[in-house]
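Peer 1: Structure for the following, please:
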Amino acid sequence: MKKKFSFVRNLATILVIGPLLTIGCAKTLCIKTVDATTGRPLPGVLTKWTADNQDLVLGSYHYGPTNLPPSTESGVVKIRKVKGRCVSRFIFSHAGYGNVYGIYSSGILNLGTATNSLSDDHFILNGNFVSVGASNGCLLVEMTPVSH
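Peer 2: A predicted model of the protein is given here:
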């Protein structure tokens, strides 16, 4: 009888504590940058990333800004250690293209071309913006060429 009680107690511990351990778990975020007119992948996109978390239990913190490696030949930017409850902000830039600003939270990336800047690395989107979810494992960022 003692073995059965021990098993039940261990199972109950896992079911109660397990989800609490995953609350702050980090994941890898995949973003694919493309030319808005052709739909082709856009290599060499520079990405600036910041993250903020405000939690009553875990406290608050600010990460960044940090410059991520340029997008790959397939237009992909991978961001490791994105916390699930954080609000991440991105600035995507590439020569010949207008900047795209993004705010990521809860699996949704909101994108726009204008912001109200609260500081160098803290902004809110201004004007029209679009919301994108993951498609084929990546969030799609369309960058528009600038005409001169």
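Peer 1: After the helix or strand encompassing residue 130, which helix or strand is next?
Peer 2: Element membership of residue 130, judged by DSSP states H and E, is strand 129-132. Tracing the chain C-terminally past strand 129-132 and defining elements by DSSP H and E, one meets strand 139-143 next.
Peer 1: wait, residue 115 sits on residue 125?
Peer 2: Yes - using C-beta atoms under 8 Å, residue 115 is in contact with residue 125, at 5.9 Å. Just so you know, the C-beta spots here come from the backbone N, C-alpha and C atoms, and that holds for glycine as well.
Peer 1: quick one: the residue found closest to residue 55 once you drop the neighbours it is linked to in the chain from residue 34, how far?
Peer 2: Computed as C-beta to C-beta, 6 or more residues apart in numbering, the closest residue to residue 55 that is not its neighbour in sequence is residue 85, at 6.3 Å. Residue 85 is 29 Å from residue 34, where distance means C-beta to C-beta, to the nearest Å.
Peer 1: mind checking which helix or strand the residue nearest the centre of the chain is in?
Peer 2: Centroid-nearest residue in the chain: residue 104, 4.7 Å away (criterion: C-alpha atoms, centre = their mean). Here residue 104 sits within strand 100-105, counting by DSSP H and E.
Peer 1: quick one: contacts of that strand?
Peer 2: Applying C-beta atoms under 8 Å, 6 or more residues apart in numbering, the external contacts of strand 100-105 come out as 29, 82, 86-92, 109-115, 123-125, 139, 141-143.
Peer 1: Show me which positions of that strand end up buried.
Peer 2: In terms of neighbour count (16 or more other C-beta atoms under 10 Å), strand 100-105 has its buried residues at 100, 101, 102, 103, 104.
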